[in-house]
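Undergrad: would you be able to build a 3D model of this:
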Amino acid sequence: MIERFLKQTTFTSQEDYARNLSFIIPENFNFAYDVMDKWAEEKPDKLALLWTNDEGDCKRFSFRDLKELSDRAASYFMQLGIGRGDMVMLILKRRYEFWISMLALHKIGAVAIPATHMLTTKDIVYRNNRASVKAIVCAGEEYIMQQVAASKAESPTLETLICIGPKQAEGFHDWHKEWNDAPLFVRPAVPNDNNDTMLMYFTSGTSGEPKMVAHNYLYAMGHLTTGVFWHNLAEDSIHLTVADTGWGKAVWGKFYGQWFAGAAVFVFDHEKFTADKILRQIEKYRITSFCAPPTVYRFLIHEDFSHYDLSSLRYCCTAGEALNPAVFDKYKELTGISLMEGFGQTETTMTLGTMPWTKPKPGSMGLPNPQYDIDLIKPDGTPCEDGEKGEIVVMTGNGLPVGLFKYYYRDEELTQSVWHDGLYHTGDVAWRDEDGYYWFEGRIDDVIKSSGYRIGPFEVESALMTHPAVVECAITGVPDEIRGMVVKATVVLHHDWKDKAGDDLIKELQNHVKHVTAPYKYPRIIEFVDELPKTISGKIRRVEIREKDKK
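TA: Next up, the predicted model:
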């Protein structure tokens, strides 16, 4: 499959990869037709999607199944008046209809807008009106249907509501009752253009209102390197990525790249995350490849791995936030597997990462993915030397990378604020070592300036994470009349340490940081909490902690 889209399909070193990665870009590329339907022709019976839930249900879908089901869904959507360019929001949790819907929308040229089931009516109205949403496909759960139905009165463009069940409500089309009556699917006569909008995400919003990130049809191809190389997948792989379908990580880890490789995508549809549940799924279904945000690994390493048979597991990756070295080391001790870190944004595919042919450095984001031209720049716009901290930028003066977003939909000013003069500004601060590896420091807004020092939150968090009492932590800056700002740590304690929360433990943690990293970085304020505020994607909302401290 991938030989259709890459001039060279195997690489032996980072130098080989950087020199020879080159895409073959067809006209009118459409992932649903050019990848999924091709697999259905060539290997119709091969397992493509293995879905299970926490009630013990299990469904297996071959590539033939997904072609036939997405054709039927495409015809059904068209029968309901959904067509090319129409905006369709998907609030489907981890239900298998998400994968069918996405492929169907790609086939008819409609724009898919995945969204989390945690949205309130206000959130849905905001998205409906900002994006002119025409239809919503949602899971049949009372809370979700109530919020979706209530949004209609304040959403002038919203015409069609579709529910996949199990419950139904007035005003919703019943997907599974109606779609069997749809006519035979006929592929639209006018194909999509590569630059047509295929997918749009409202960012998870670590600060400010969500932005609408629009991606074209080549975004799917941009994830070829994600699944085939970073996840190191092949046709015999069964891959699990922990992600809600409302988060961009879902298409990073359980859609495009994995199916370029011909791997089976494993989906565990569950209500409440526990480390034990995830490990049981890996054991039961013989998962070979696993990817999760650092938050998940932070909880996994506190389980007793001797209770699980994880012998099928061959390869593990992480992305979403920077990985603390202490978590890397403990997971390697427990499993013998090195975590291969990757970095990217909702606006991009993977821009930095640790590939199978490179040696991971614990805590590093890895090396540049050569489909992007990456650099670090200082505030004055000049390039950083090795060891200097700067903003990660993507250079676009010589052409647009496959996978970079089109723009922030309906917001030219915002687009130009981050993408100008041939540079896309990520807003993330890092430094590069002498081997070319990048090391995350934090968002530009998160960097703390104290007594003339610039302190990156991640370096302090990593130091704290090496103490056995700490499960999770977030570092923020608190205004201080003398120092400008002081470092504050918001800490979630391991259950064995919760009864010790107090002044003595605060001093112990402060001294620990002083010994692990430079003393000036230690947190002068420490607050113990039961949990950290996070986005749906699992990223820590430091802005929420700062706002709370201001109040």
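Undergrad: switch to C-alpha atoms for all contacts and neighbour counts from now on
TA: Fine.
Undergrad: pLDDT at Ser155, what is it?
TA: Per-residue pLDDT puts Ser155 at 98.
Undergrad: that one - how many residues pack around it?
TA: Number of residues near Ser155 (other C-alpha atoms under 10 Å) recorded here: 19.
Undergrad: repeat for Pro156
TA: Counted with other C-alpha under 10 Å, Pro156 comes out at 14.
Undergrad: just to be sure, it is in a helix?
TA: No. In this structure, Pro156 is coil, not part of a helix, as judged by DSSP: H, G, I helix; E, B strand; the rest coil.
Undergrad: what's the helix or strand for the closest residue in space to it that isn't next to it in sequence?
TA: What sits nearest to Pro156 in space, not counting adjacent residues and going by C-alpha to C-alpha, 6 or more residues apart in numbering, is Asn129, at 7.6 Å. Using DSSP states H and E, Asn129 falls within helix 121-131.
Undergrad: what about the longest helix in the protein?
TA: Criterion DSSP state H: the longest helix present in the chain is helix 63-79.
Undergrad: so where's the protein uncertain?
TA: 204-208, 451-454, 536-538 (pLDDT under 70).
Undergrad: hey, where'd the helices end up in the stretch 401-550 of the chain?
TA: Assignment of helices within the stretch 401-550 of the chain using DSSP state H, counting those that start in this stretch yields the ranges 412-418, 457-464, 503-516, 542-550.
Undergrad: what angle sits between the second one and helix 503-516?
TA: With axes from the mean of the first three to the mean of the last three C-alpha atoms, to 10 degrees as the basis, helix 457-464 and helix 503-516 are set at 110 degrees to each other.
Undergrad: on contacts alone, who are the packing partners of helix 457-464?
TA: Applying 3 or more C-alpha pairs under 8 Å, 6 or more residues apart in numbering; DSSP states H and E, one finds that helix 457-464 contacts strand 438-443, strand 470-480, helix 503-516.
Undergrad: for the shortest one, which outside residues touch it?
TA: Counting by C-alpha atoms under 8 Å, 6 or more residues apart in numbering, strand 438-443 makes contact with 322, 352, 363-367, 389, 427-433, 447, 456-459, all of which sit outside it.
Undergrad: likewise for the longest one?
TA: Contacts of helix 503-516 with the rest of the structure, by C-alpha under 8 Å, 6+ apart, involve Val460, Ala463, Leu464, His467, Pro519, Tyr520, Lys521, Tyr522, Pro523, Arg524, Ile526.
Undergrad: report the buried residues of that helix.
TA: Within helix 503-516, the residues that count as buried by 16 or more other C-alpha atoms under 10 Å are Ile506, Leu509, Gln510, His512, Val513, Lys514, Val516.
Undergrad: equivalent analysis for the shortest one, please.
TA: By neighbour count on 16+ other C-alpha under 10 Å, the buried set for strand 438-443 is Tyr438, Trp439, Phe440, Glu441, Gly442, Arg443.
Undergrad: can I get the residues you listed in CSV with distance to Glu159?
TA: CSV is the format used below for the buried residues of strand 438-443 (distance: C-alpha to C-alpha, whole Å):
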residue, distance to Glu159
Tyr438, 47
Trp439, 47
Phe440, 44
Glu441, 45
Gly442, 42
Arg443, 39
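Undergrad: what sits against the residue nearest to Pro156?
TA: By C-alpha under 8 Å, 6+ apart, the contact list for Asn129 reads Ser155, Pro156, Thr157.
Undergrad: want to throw those residues into a markdown table with distance to Ser13?
TA: Shown next, in a markdown table, are the contacts of Asn129 (distance: C-alpha to C-alpha, whole Å):
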| residue | distance to Ser13 |
| --- | --- |
| Ser155 | 52 |
| Pro156 | 54 |
| Thr157 | 51 |
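Undergrad: which among those gets closest to Asp45?
TA: Closest to Asp45 out of the contacts of Asn129 is Thr157 (40.7 Å), distances taken as C-alpha to C-alpha.
Undergrad: and the contacts of strand 438-443, which of them are buried?
TA: The neighbour count (16+ other C-alpha under 10 Å) marks 322, 352, 363-367, 389, 428-432, 447, 456-459 as buried among those.
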